[in-house]
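[1] take this sequence and fold it.
(2 chains)
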Amino acid sequence: MGDDRSRILELLAAGKITIEEAARLLDALDARSGEGTGTSGAGTSADADGAAEADGVGGADTEAQAKSGFHKFFPGAGVKTSQKTGGSRTPKFMYVKVVSVKGDNVNVKIPVAVMRAGLKLTSLIPAQAQDQINKSMAEHGMSFDLNNFKPDDLEELIDALREMEIDVDSANGDKVHVYTE
Amino acid sequence: MRVPPWLVSMRLVEEERTKFRFWFPLFLLWPLLLVFVMLTFVATLLADLFSLVSGNKPGYTRFVLGVLGVVTQTRGTEVFVQDKSNHNRTVAFTLR
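    Residues are numbered from 1 along each chain as shown, chains lettered A, B, ... in the order given. Next comes the predicted model:
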């Protein structure tokens, strides 16, 4: 039984999610694994016609990009490597894909190590500056205490990012897809 | 500590043809950056010394080291921008 499936069942057993929510999550897992299996070979040789994505949000985007020869010049751009390897390792990169209704695309690939280093940086902020930052954030309605953030929580947070996937469909048709690999 | 980005490359593609390709060896700037970093460290060490004397916990040097750590981890960053309304222009920017 996959890790994701067992985690969903554990949440259900603990009463943290309802039966309907568990069923929806399991269906989503099946859909993703079914689509990933079907396209797992496509990403290994990215060419003008290849490089398809498993999820529906990115499908139109990669089709459009394939038609334009995007991946011929930028092989592997924005293609989820889990389709190639099916692995579930610690995420190495965060991908932000924006597809506008006009067909313009923006793909950004950011190393997760930057986020890790940036989060570690918060614990290195000098104490005097930390107090001022906390005060300023509280004044703007964000009661987040930088002192409470421990570097030990980092790996757990980074590992949790592996499961993170954000899809935004705006009213004017623009799509934003954020995920980690 | 990882090596900072040593190369930045940019590629401009229009209508499936590479129009422009540019790369710059960032490692040529390292000696200049090293001088800047050393000067910054002198300032932060002085700031930490003043903090110690005044009874506060020093942390400025560690913070600068953390910032350098963030910069070194930017290797692998890639940005692709495709503008279909402008000759299907695509610009790719990568840090290696």
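[2] residues from chain B in reach of chain A?
    Taking CB under 8 Å from any CB of the partner chain as the contact definition, chain B meets chain A at B:2, B:11, B:13, B:16, B:18, B:51, B:56-60, B:62-63, B:65-67, B:69-70, B:72-85, B:88, B:90, B:92. All C-beta spots, glycine's among them, are computed from the backbone N, C-alpha and C.
[3] which among those residues end up buried?
    Buried positions within the residues of chain B next to chain A, assessed by neighbour count (16 or more other CB atoms under 10 Å in any protein chain shown), are B:11, B:13, B:51, B:58-60, B:62-63, B:66-67, B:69-70, B:72-80, B:82-83, B:88, B:90, B:92.
[4] identify those among these that sit within strands.
    Residues of these located in strands (DSSP state E): B:11, B:13, B:78-80, B:82-83, B:90, B:92.
[5] and those, which two are the farthest apart?
    Longest distance between any two of these is 17.0 Å, between B:Glu78 and B:Asp83; criterion CB to CB.
[6] show residues contacting stretch A:19-30.
    Contacts to stretch A:19-30, defined as CB atoms under 8 Å, 6 or more residues apart in numbering or on different chains, come from residues A:2, A:4-5, A:8-9, A:11-12, A:17.
[7] ok, those residues vs chain B, which is closest?
    Nearest to chain B out of these is A:Asp4 (CB to the nearest CB; 26.7 Å).
[8] pull out the buried positions in whichever strand or helix holds that closest one.
    Using DSSP states H and E, A:Asp4 falls within helix A:3-13. Across helix A:3-13, burial judged by 16+ other CB under 10 Å covers A:4, A:8, A:12.
[9] for B:Ser9, give the beta-bridge partners.
    Note on B:Ser9: beta-bridge partners B:Trp23, B:Thr94, judged by DSSP bridges.
[10] surely it meets B:Pro25?
    No: with contact defined as CB atoms under 8 Å, B:Ser9 does not reach B:Pro25; the gap is 10.0 Å.
[11] of those two, who's got more company?
    The neighbour comparison of B:Ser9 against B:Pro25 (other CB atoms under 10 Å in any protein chain shown) goes to B:Ser9, with 15 against 11.
[12] so what's the more buried one up against?
    For B:Ser9, the contact set (CB under 8 Å, 6+ apart) comprises B:21-24, B:92-94, B:96.
[13] possible to save those residues as TSV with distance to A:Met164 and pLDDT?
    Listed next are the contacts of B:Ser9 as TSV, based on distance: CB to CB, whole Å; pLDDT from 0 to 100:
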residue	distance to A:Met164	pLDDT
B:Arg21	34	85
B:Phe22	34	86
B:Trp23	33	87
B:Phe24	33	88
B:Ala92	25	84
B:Phe93	24	84
B:Thr94	24	86
B:Arg96	26	84
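[14] in chain B, where's the longest helix?
    Assignment by DSSP state H gives helix B:30-53 as the longest helix of chain B.
[15] quick one: terminal-to-terminal distance for stretch B:12-31?
    One end of stretch B:12-31 to the other measures 29 Å (CA to CA, to the nearest Å).
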